[in-house]
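J.: Here is my input; please provide its structure:
(one chain, ligands or ions: 1)
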Amino acid sequence: SDRHSRYKRILLKLSGEALMGDDNFGIDPKVLNRMALEIGQLVGIGVQVGMVIGGGNLFRGAALSAAGMDRVTGDHMGMLATVMNALAMRDALERSNIDTRVMSAIPMSGVVDHYDRRNAMRYLNQGDVVIFAAGTGNPFFTTDSAACLRGIEVEADVVLKATKVDGVYTADPMKDPKAKRYVHLNYDEAIEKQLGVMDLTAICLTRDHQMPVRVFNMNKPGALVNLVVGGEEGTLIDG
Ligand code: UDP
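T.: Have a look, this model is predicted:
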């Protein structure tokens, strides 16, 4: 290929909801296959891909807790949901002949590998896609925080947060036709303007460790590859 990546190693964060497609729950195989195709293109141009997938298409601790369940139990269910999503994504990637590892923060012997930072770095270096599952392994955190944490740990060049819109806007673009997209924000602006990019724990972690974050639209075909080869997509948060 004549296309070169501006990143050697990325950490791609997909929300669980991104896997639902047009449904309200669960996993749409068509969506998985399309994502596997785009991730395969990145691997094809030599990008090392780490991934974190959310669990919101199945369970969220906060929602279970609002319905009366113990919060920590709900968070455990949410984290297990991310493992199911990771298994589905691994399956789609491997059907596309992309070697994939799932490493879980919660040990699950016989199903997936246990997260180990040095092994993760080794797999990434050999070109395997590594999916970090079970979030941070702790309740009261989110998979956005897990994505930033793993991205920093494995020394990714950037955290790419896939969303349903083209980036971060001055207001909700679905509701306000005058809403404008930010091309760039610094960490403090992202926090002060309360733009809801990610939770505070996640943004503060990236700020403290100077990890750039790019928010982009994963529903736009080709956007992921375009931004990795240097195209302008979404909103960059750094500095
Ligand atoms: N979760 C958790 N600790 C973590 C990451 C996730 O307890 O480190 C739980 C939490 O209940 C969360 C659920 O797993 O609601 C699914 O993750 P998240 O809501 O971040 O998924 P997304 O919104 O990205 O689909």
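
J.: Quick one: the helices in the chain, in order.
T.: Ranges of helices within the chain are 29-44, 61-66, 71-95, 117-125, 143-153, 187-192, 200-208, 223-228, based on DSSP state H.

J.: out of those helices, deepest packed?
T.: helix 143-153 (a mean of 25; mean count of other C-beta atoms under 10 Å). Just so you know, the C-beta spots here come from the backbone N, C-alpha and C atoms, and that holds for glycine as well.

J.: Report whether that one contacts the ligand.
T.: Yes. Judged by C-beta under 6 Å from any ligand atom, helix 143-153 comes into contact with the ligand at 143, 146.

J.: Going forward, count from 34.
T.: In the new count, where the first residue is 34, that last one comes out as helix 176-186.

J.: Just want the angle from that helix to helix 104-128.
T.: 60 degrees (axes from the mean of the first three to the mean of the last three C-alpha atoms, to 10 degrees).

J.: Show me what helix 176-186 is packed against.
T.: If you count contacts as 3 or more C-beta pairs under 8 Å, 6 or more residues apart in numbering; DSSP states H and E, helix 176-186 packs onto strand 42-47, strand 81-86, helix 150-158, strand 162-166, strand 191-196, helix 233-241.

J.: possible to save the ones you listed as CSV with mean pLDDT?
T.: Below are those laid out as CSV (pLDDT from 0 to 100):
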stretch, mean pLDDT
strand 42-47, 98
strand 81-86, 98
helix 150-158, 98
strand 162-166, 99
strand 191-196, 97
helix 233-241, 97
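
J.: Can I get the ones you listed in JSON lines including distance to residue 123?
T.: Formatted as JSON lines, the helices and strands packed on helix 176-186 follow (distance: least, C-beta to C-beta, whole Å):
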{"stretch": "strand 42-47", "distance to residue 123": "13"}
{"stretch": "strand 81-86", "distance to residue 123": "10"}
{"stretch": "helix 150-158", "distance to residue 123": "12"}
{"stretch": "strand 162-166", "distance to residue 123": "6"}
{"stretch": "strand 191-196", "distance to residue 123": "17"}
{"stretch": "helix 233-241", "distance to residue 123": "24"}
